[in-house]
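Asker: model the following, please.
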Amino acid sequence: MAVKTQLTHLYYRTGAAASYALVKVPSLTSITVPPPSGATIDTTDLDSTAKQYLIGLVDNGTISLALNHISFGETNAAAYETFLTQAVGASTVYVIAMADGTVAPTISASTGVITYAPGRSHRTFTGIFGGAGDSFAVDDAVRATCNITIDGAVTRTAKSS
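Answerer: Here you go, the predicted model:
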């Protein structure tokens, strides 16, 4: 059965030992996760009868996020600004919590270990924040976009109940 995207959430880890927290990114309108890729290394030699290849290291790519702008004084404005004004190059853990469940992941404030509810699918990865930009277009809302480069593997946790 297909899973709707409405109520999918993105969380990111903030703080340091003894003060870790998971913060939900507000006002998201889309999360685009590219398929992994790997460099193709040609190993063909003169004895080959067809091209031969090895695959290089997996590159999990860069996630693109789109958000509706939240102005000062509106609900979640502080969380919106805090997320989008992270330092370019900041590295942290991100969790995409899919809409096949509703229970938010939790985190140990002291260790930073994330616990997932068995009734919801998740994608977890370390990401490097690539900065944020704004979009101003005729007959549209003010929107923000940002990119997060995946650093390492993506862990897929499937809903289990």
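
Asker: what is the mean pLDDT for stretch 89-98?
Answerer: What stretch 89-98 shows for mean pLDDT is 96.

Asker: ok, residues contacting it?
Answerer: Under the contact criterion Cβ atoms under 8 Å, 6 or more residues apart in numbering, stretch 89-98 has outside partners 3, 8-14, 22, 31, 33, 63, 104-105, 112, 114, 120-129, 148, 151, 159. For glycine as for every other residue, the C-beta is placed from the backbone atoms N, C-alpha and C.

Asker: swap in stretch 126-146?
Answerer: Residues outside stretch 126-146 that contact it (Cβ under 8 Å, 6+ apart): 12, 29, 62-69, 84-94, 147-152.

Asker: can you tell me the element Ile128 falls in?
Answerer: According to DSSP states H and E, Ile128 maps onto strand 122-135.

Asker: report the strands that pair with that strand, each with its relative direction.
Answerer: strand 91-97 (antiparallel), strand 143-150 (antiparallel), strand 155-157 (antiparallel) (DSSP bridges).

Asker: kindly export the second one (C-alpha atoms) in PDB.
Answerer: Read it as strand 143-150. Extracted in PDB, the C-alpha atoms of strand 143-150 (Å, rounded to 0.1, in the frame of the first residue of the first chain):
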ATOM      1  CA  ARG A 143       9.600  30.200  -0.100                       C
ATOM      2  CA  ALA A 144      13.000  29.000   1.100                       C
ATOM      3  CA  THR A 145      15.100  26.200  -0.300                       C
ATOM      4  CA  CYS A 146      18.200  24.400   1.200                       C
ATOM      5  CA  ASN A 147      20.400  21.500   0.500                       C
ATOM      6  CA  ILE A 148      21.800  18.900   2.800                       C
ATOM      7  CA  THR A 149      24.600  16.600   1.600                       C
ATOM      8  CA  ILE A 150      24.400  13.100   2.900                       C
END
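
Asker: which members of the contacts of stretch 89-98 are classed as buried?
Answerer: Listed as buried from these are 8-14, 22, 31, 33, 63, 105, 112, 114, 120-127, 129, 148; burial here means 16 or more other Cβ atoms under 10 Å.

Asker: residues contacting Gly56?
Answerer: Gly56 makes contacts with Gly38, Ala39, Thr40, Ile41, as judged by Cβ under 8 Å, 6+ apart.

Asker: need those in JSON lines with secondary structure and distance to Ala99, can you?
Answerer: Formatted as JSON lines, the contacts of Gly56 follow (DSSP: H, G, I helix; E, B strand; the rest coil; distance: Cβ to Cβ, whole Å):
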{"residue": "Gly38", "secondary structure": "strand", "distance to Ala99": "30"}
{"residue": "Ala39", "secondary structure": "strand", "distance to Ala99": "34"}
{"residue": "Thr40", "secondary structure": "strand", "distance to Ala99": "35"}
{"residue": "Ile41", "secondary structure": "strand", "distance to Ala99": "39"}
